[in-house]
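Visitor: The following comprises the amino acid sequence and a computationally predicted model.
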Amino acid sequence: MIDWTEVIRRANHGNPAPAREVVKSDAEWRAQLTPEQYQVTRQAATERPFSSEMCSKFEPGSYACACCGEPLFDGTHKFESGTGWPSFSLPAADNAIAYVMDDSHGMKRIETVCNACKAHLGHVFPDGPAPTFLRYCMNALALRKAGP
């Protein structure tokens, strides 16, 4: 099971290979995504907090990348963080998420991206619930509910 030390190691030294790679042109991403999804996932923007119903819905099922459909999280690991963004404590697979050091906006954070298509998802923090103590703070626009 991944922990904060491993997240930092991966952000600094490399991530495991994805299960598959999805490569599309910028024009293809623009045609596929809404303008808001494009801005968040392909340009690393952040949606407004509390702007999605996904924050307060806790249903069984999986959450996939809005860009490529790769499974990212299981609903059993979703929790209420009070931050205004959907939060999870564990990715669906060890190689589902890639970690990137992010020094933007005068902060040191670790960005999370879909390991398959490199879509910006959000950030991960070491203040989540046991057993991982991780909080994957995701943009709802980067996710889609993928099933029961």
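Guide: Now that the structure is in, tell me what you want to look at. Keep in mind it's a predicted model, so treat the numbers as computed, not measured.

Visitor: For the lowest-mean-pLDDT helix or strand in the chain, name the packing helices and strands.
Guide: Lowest on mean pLDDT, DSSP states H and E among the helices and strands of the chain sits strand 143-147, with a mean of 88. Under the contact definition 3 or more CB pairs under 8 Å, 6 or more residues apart in numbering; DSSP states H and E, strand 143-147 sits against strand 62-65, strand 71-74. Just so you know, the C-beta spots here come from the backbone N, C-alpha and C atoms, and that holds for glycine as well.

Visitor: Nearest residue to Ala44 in space, please, no chain neighbours.
Guide: Of all residues beyond its chain neighbours, the one nearest Ala44 is His120 (4.2 Å), with distances taken as CB to CB, 6 or more residues apart in numbering.

Visitor: one step back: of all the helices and strands packed on strand 143-147, which one is nearest Arg10?
Guide: strand 71-74 (15.6 Å; CB to CB).

Visitor: Quick check: His105 vs Arg10, distance?
Guide: 22 Å (CB to CB, to the nearest Å).

Visitor: which of those two has more neighbours?
Guide: It is Arg10, of His105 and Arg10, that has more neighbours when counted by other CB atoms under 10 Å, with 17 against 7.

Visitor: wouldn't the more buried one be in contact with Asn95 here?
Guide: No - contact criterion CB atoms under 8 Å: Arg10 and Asn95 do not qualify, at 10.1 Å.

Visitor: what do those two both touch?
Guide: Pro16 (CB atoms under 8 Å, 6 or more residues apart in numbering).

Visitor: quick one: stretch 91-100 to chain centroid distance?
Guide: Between the centre of stretch 91-100 and the centre of its chain there are 8 Å (CA atoms, centre = their mean, to the nearest Å).

Visitor: What are the contacting residues of that stretch?
Guide: 2, 7, 10-11, 15-19, 62-63, 70-74, 110-115, 118, 121, 124, 136.
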